[in-house]
Structure formats: C-alpha cells, structure tokens
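**Student:** Could you look at this predicted model? Sequence included:
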Amino acid sequence: MKIVVLSDTHAPRRWRSCPPRVAGHLRSADVILHAGDVCTAAVLGELSAFAPVHAVLGNNDDPGVAAWGAPETLELDLAGLSVAMIHDSGPSAGRLARLRRRFPGTALVVFGHSHIPLDQSAGGVRIFNPGSPTDRRRQPHGTIGLLTVSDGRLRQASIVPVT
C-alpha cells in the first residue's frame with residue numbers, strides 16, 4: 001500500500017489547486033492522509049479524486065472540514081499497521097514519549113502543525129510529520145511524506161521535496 005501524507009496545505013491562501021509535483025505522487029497513491037490545516041473542505045474533495053482520504057482537524061480549518069468528517073484525532077488500520085493522526089503534537093521536547101502515551105499500541109503517529117518535516121522512532125513507535133507542500137516557512141523546500149505499508153509493517157518512509 002502506497003500512502004501519501006500531507007499536512008498544512010492552507011487553502012486557498014497557499015493551495016489554490018494541487019501542485020503538479022504533489023499530483024505526480026498522488027496519482028499512484030492507495031490512500032492519502034492529511035494531518036490538518038487543510039483550511040477548506042474543497043481540498044479534501046480534490047484529493048479524493050486521487051484516492052481515499054483520511055484527515056484530522058487543524059487549528060486553521062473552517063467548519064466545512066469538520067462537516068466533511070475530519071475529527072480531532074483518528075486511529076485507523078492501514079494494511080495491518082495501526083496508525084494514529086493528530087494535527088498538533090505539542091512542544092518538541094518529549095514529543096515521542098507523549099505521543100506513545102496518547103496512542104498506546106499504535107505503530108505510527110502522523111501529525112502536522114509545525115511545517116517542519118520529522119521522521120523519528122523509539123520504543124516501538126514512529127512519529128512522522130510530512131511538513132507542508134505549500135507553506136515551507138523556514139524550511140528549504142515544501143515537502144510531503146511517502147509511506148509504503150504491507151503485512152502490518154511500515155516498509156518505507158520518506159519525506160520528499162515538492163518545491
């Protein structure tokens with residue numbers, strides 16, 4: 001299963017339509033995860049044309065994103081891998097331990113908010129922030145995440161530049 005992970009697209013200010021380099025990855029996605037700050041539900045509709053979408057609410061999302069069905073947190077099974085999603089994971093100090101406590105038994109926690117890509121693991125949990133494809137802030141590139149999952153295991157995880 002190929003999973004494309006997005007966060008912090010910030011439409012319509014930053015995402016007017018799907019950037020071509022992002023769309024190139026979405027065309028082969030089996031599932032799309034969006035870790036919040038979509039801002040408008042229209043983006044989720046646009047993403048749904050590529051693959052099924054799972055999204056959580058961000059602090060900048062309008063009521064349409066909640067009406068679309070995005071909760072504050074989400075736990076799901078992707079090809080046997082237990083995955084949790086949340087937008088704001090809190091301060092960087094103690095983040096991994098805090099997320100392990102918040103989502104016990106989860107192998108992967110996807111989050112956003114900071115716009116800073118991160119892939120870290122310890123103690124049986126991996127935390128993954130894809131950064132933002134459209135609002136890089138002080139990062140050198142806009143980024144997305146790519147995950148490959150099979151037989152209940154995360155086989156590959158990468159953060160790739162799209163700008």
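**Tutor:** Alright, I've got the coordinates.

**Student:** what are the ranges of the strands in the protein?
**Tutor:** According to DSSP state E, the chain carries its strands in the segments 2-6, 31-34, 53-55, 73-78, 81-86, 108-110, 118-122, 125-129, 143-150, 153-161.

**Student:** mind checking which of those is nearest Arg101?
**Tutor:** The closest of those to Arg101 is strand 125-129. By CB to CB, the value is 9.8 Å. The C-beta positions use only the backbone N, C-alpha and C, and glycine is treated the same way.

**Student:** about what we covered before: TSV for the strands of the chain, including mean neighbour count?
**Tutor:** Shown next, in TSV, are those (neighbours: other CB atoms under 10 Å):
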stretch	mean neighbour count
strand 2-6	25
strand 31-34	24
strand 53-55	23
strand 73-78	14
strand 81-86	23
strand 108-110	26
strand 118-122	14
strand 125-129	23
strand 143-150	21
strand 153-161	15
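
**Student:** JSON lines for those strands, including mean pLDDT and distance to Asp61?
**Tutor:** Conversion of those to JSON lines gives the following (pLDDT from 0 to 100; distance: least, CB to CB, whole Å):
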{"stretch": "strand 2-6", "mean pLDDT": "98", "distance to Asp61": "13"}
{"stretch": "strand 31-34", "mean pLDDT": "98", "distance to Asp61": "10"}
{"stretch": "strand 53-55", "mean pLDDT": "98", "distance to Asp61": "9"}
{"stretch": "strand 73-78", "mean pLDDT": "98", "distance to Asp61": "14"}
{"stretch": "strand 81-86", "mean pLDDT": "98", "distance to Asp61": "13"}
{"stretch": "strand 108-110", "mean pLDDT": "98", "distance to Asp61": "16"}
{"stretch": "strand 118-122", "mean pLDDT": "95", "distance to Asp61": "21"}
{"stretch": "strand 125-129", "mean pLDDT": "97", "distance to Asp61": "17"}
{"stretch": "strand 143-150", "mean pLDDT": "98", "distance to Asp61": "19"}
{"stretch": "strand 153-161", "mean pLDDT": "97", "distance to Asp61": "23"}
